[in-house]
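Trainee: Need a 3D model of the following:
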Amino acid sequence: MNALCLAATSFMQPELPAATSDDETVRAAMAGDRKAFETLYRRHADRVYGAILRLAAFDHARAEDLTQEAFIRAWQKLESFRFESAFGTWVYRLAVNVALMSIRARNADPVSIVDDEHLPDITDPDHPLRSLERDELEKAIAGLPPRARAVLVLHDVEGWKHEEIAVELDMAVGSSKAQLHRARGLLRRVLGERP
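Mentor: Modelled structure (predicted):
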């Protein structure tokens with residue numbers, strides 16, 4: 001069930017107290033309380049969307065679709081949540097898996113080399129650096145090969161360890177490290193920095 005449907009039908013559910021913990025809210029959602037799941041969605045959607053947006057090369061429409069898909073899967077798999085970690089951690093990992101499966105499905109060869117012509121052109125010296133710094137970085141990250149981008153985002157932005165990345169991306173730890181090195185080198189080249 002998607003979050004929009006949840007929001008549309010949530011008027012029939014009683015309001016949850018504002019200070020309700022995630023564990024209590026998850027239990028209510030497991031019991032069929034759609035308002036509770038909507039509360040979980042509101043609490044965690046921004047973090048999930050942010051991670052997916054970076055993994056989806058800053059394609060906002062794709063990130064929105066994948067965020068919705070992640071929360072639909074969370075609703076469908078809610079009974080499998082075992083309270084061994086925080087709900088936020090569980091839904092975040094599920095969402096990252098949704099994004100990574102999408103990357104794998106869309107790219108037959110996700111480790112292909114990117115030519116200079118495929119890297120974003122962000123070298124216009126006439127724009128003010130301060131106001132476009134973030135846009136430049138986002139464009140540079142979006143231009144990375146999908147697997148290198150995934151490793152960079154998961155390691156440098158999301159704080160994952162190479163061992164976790166290796167498991168999630170089905171690669172050796174050394175490959176994760178190599179992809180990170182490659183991604184950083186491509187970023188330096190695109191952003192005009194020296195290695």
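Trainee: quick one: contacts for Gln76?
Mentor: If a contact means Cβ atoms under 8 Å, 6 or more residues apart in numbering, then Gln76 has no contacts. All C-beta spots, glycine's among them, are computed from the backbone N, C-alpha and C.
Trainee: looking at it, Val96 is touching Ile165, isn't it?
Mentor: No. Judged on Cβ atoms under 8 Å, Val96 makes no contact with Ile165 at a distance of 10.1 Å.
Trainee: Find residues that contact each of these two.
Mentor: Contact criterion Cβ under 8 Å, 6+ apart; residues bridging Val96 and Ile165 by contacting each: Leu154.
Trainee: domain assignment for this structure?
Mentor: Domains of the chain are assigned by automatic domain parsing as 1-106, 118-195.
Trainee: so how far is the first one from its chain's centroid?
Mentor: The one in question is domain 1-106. Distance, stretch centre to chain centre, for domain 1-106: 12 Å (Cα atoms, centre = their mean, to the nearest Å).
Trainee: Kindly report the same for the shortest one.
Mentor: Centroid separation between domain 118-195 and its chain, computed with Cα atoms, centre = their mean, is 14 Å.
Trainee: Only the buried residues of the longest helix anywhere in the chain, if you could.
Mentor: Looking across the chain with DSSP state H, the single longest helix is helix 34-55. Buried residues in helix 34-55, counted by 16 or more other Cβ atoms under 10 Å: 34-41, 44-45, 48-49, 51-55.
Trainee: so where's this protein shaky on pLDDT?
Mentor: Residues of the chain that meet the criterion pLDDT under 70 lie in 1-19, 107-133, 193-195.
Trainee: And for Cys89, the neighbour number?
Mentor: Residue 89: Thr, not Cys. A count of nearby residues for Thr89, using other Cβ atoms under 10 Å, gives 12.
Trainee: Repeat that for Asp156.
Mentor: When neighbours are counted by other Cβ under 10 Å, Asp156 registers 15.
Trainee: Look up how far Ala51 lies from the residue nearest to it when sequence neighbours are not counted.
Mentor: Using Cβ to Cβ, 6 or more residues apart in numbering and skipping residues adjacent in sequence, the residue nearest Asp156 is Leu180, 7.4 Å away. To Ala51, Leu180 is 17 Å away according to Cβ to Cβ, to the nearest Å.
Trainee: I'd assumed Gly185 was in contact with Leu152.
Mentor: No. Checked against Cβ under 8 Å, the pair Leu152 and Gly185 is beyond contact range at 10.7 Å.
Trainee: Appreciated, that's everything.
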